[in-house]
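Enquirer: The sequence isn't on hand, but the structure is:
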Ligand code: ZN
C-alpha cells in the first residue's frame, strides 16, 4: 500500500463513502484491472504477439481463413489464463457485490476473472468470455477446459466440435457484433446507476466510452481509478485517482463497507 499517496488515499476513501451512500452503484472494468493478475493487455501499446497485431489475430476472418494460426494464438491465451487468478481488485469488487454495495459489474475483459459464480446476472461481459467456446455451425457450447482438451487431442491444434467444425472462443472477435443480451444488461445497469466506478480503462473505446456519459447525463456521479489518462479526466464532478487497482480497491471496499448505514 506504500505507493498509494496520502492524497490518493483520501480520494479512495471518499469513493468508498460515496458508494455506500449511493442507491445503485455499478462498476465498469477494462484491461487495467487484470494486468496485475499477470495478463497482458493486447490492445495496449505493446499489443503485439509474435509481431502480429491483435486486430489481425483476434479477427473473425482470421478464424475462418486460417484456424490453425488463429488457434495458435488462442491456445497461448488459454494457457496464460489457466494460471491467472482474481487479484485484490477483483476480490474487492466481489466483496462489495456480496454486501450489496455495488449492484453490477460491466466489463470489457474476456478473462473471466470477474467470476460468474459470484456475480451471476449482475455481470455483463460486453466482449464475451475466453472461459467458453462455441460452434458457429451447430451452436454447441463448451467450457474452456473442454476446449483445451480438444486442442491437446488435435493434430493441427484446432479444437473441433462433435459436428466437425472448429470451435470459436466465446469472445467477440473483430468483425463480430457484441452479444445482445450482455449489451442489454449493461445498458439496463447503466440507466439505473446513480454511481459508476470505472476501473482500468481509458474509457476511449466505443461503446464503453458512452457508459459514464450516460450516468453523468442522468445526474449520477462517476469515479475513475486508472493508471494513465482517460477521456473523462477533465469532466466536471468526476473523481479521478491514479493508482494501482490491486492497492486502491481494498481501500475503497473497506471504506464502503464501513460507510454502510453511516
Ligand atoms: Zn458443431
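Expert: Structure's in. What do you need? As the structure is a computational prediction, the values presented were derived from the model and not from experiment.
Enquirer: Check the offset of stretch 78-89 from the chain's centre.
Expert: 13 Å (CA atoms, centre = their mean, to the nearest Å).
Enquirer: Give me the contact list for that stretch.
Expert: Here stretch 78-89 makes contact (CB atoms under 8 Å, 6 or more residues apart in numbering) with 33-34, 36-40, 94, 111-115, 130-131, 144, 147-148, 151, 199-200, 245-250. Every residue, glycine included, has its C-beta placed from N, CA and C.
Enquirer: Now do the buried residues in it.
Expert: Under the neighbour-count criterion of 16 or more other CB atoms under 10 Å, stretch 78-89 has 78, 81, 86-89 buried.
Enquirer: Just the ones of the residues you listed in helices?
Expert: Among these, the members falling in helices (DSSP state H) are 78, 81, 88-89.
Enquirer: I'd like these as a markdown table, with pLDDT and distance to residue 195 appended.
Expert: Below are those laid out as a markdown table (pLDDT from 0 to 100; distance: CB to CB, whole Å):
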| residue | pLDDT | distance to residue 195 |
| --- | --- | --- |
| 78 | 92 | 35 |
| 81 | 90 | 31 |
| 88 | 98 | 21 |
| 89 | 98 | 17 |
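Enquirer: tell me which of those residues is nearest to residue 27?
Expert: Distance to residue 27 across those (CB to CB) is lowest for residue 89, with 9.9 Å.
Enquirer: how near is that closest one to residue 38?
Expert: Separation of residue 89 from residue 38 (CB to CB, to the nearest Å) stands at 13 Å.
Enquirer: The longest strand along the chain - contacts with which helices or strands?
Expert: When the chain is parsed with DSSP state E, its longest strand is strand 128-134. Helices and strands touching strand 128-134, by 3 or more CB pairs under 8 Å, 6 or more residues apart in numbering; DSSP states H and E, are helix 67-82, strand 141-143, helix 144-153, strand 168-171.
Enquirer: Deepest in the core, which of these is it.
Expert: Counting by mean count of other CB atoms under 10 Å, strand 168-171 has the highest mean neighbour count of those, with a mean of 24.
Enquirer: quick one: strands adjacent to that one?
Expert: Applying DSSP bridges, strand 168-171 is found paired with strand 128-134 (antiparallel).
Enquirer: returning to that earlier point: need the max-distance pair from the ones in helices among the buried residues of stretch 78-89.
Expert: 78 and 88 (24.0 Å).
Enquirer: No further questions, thank you.
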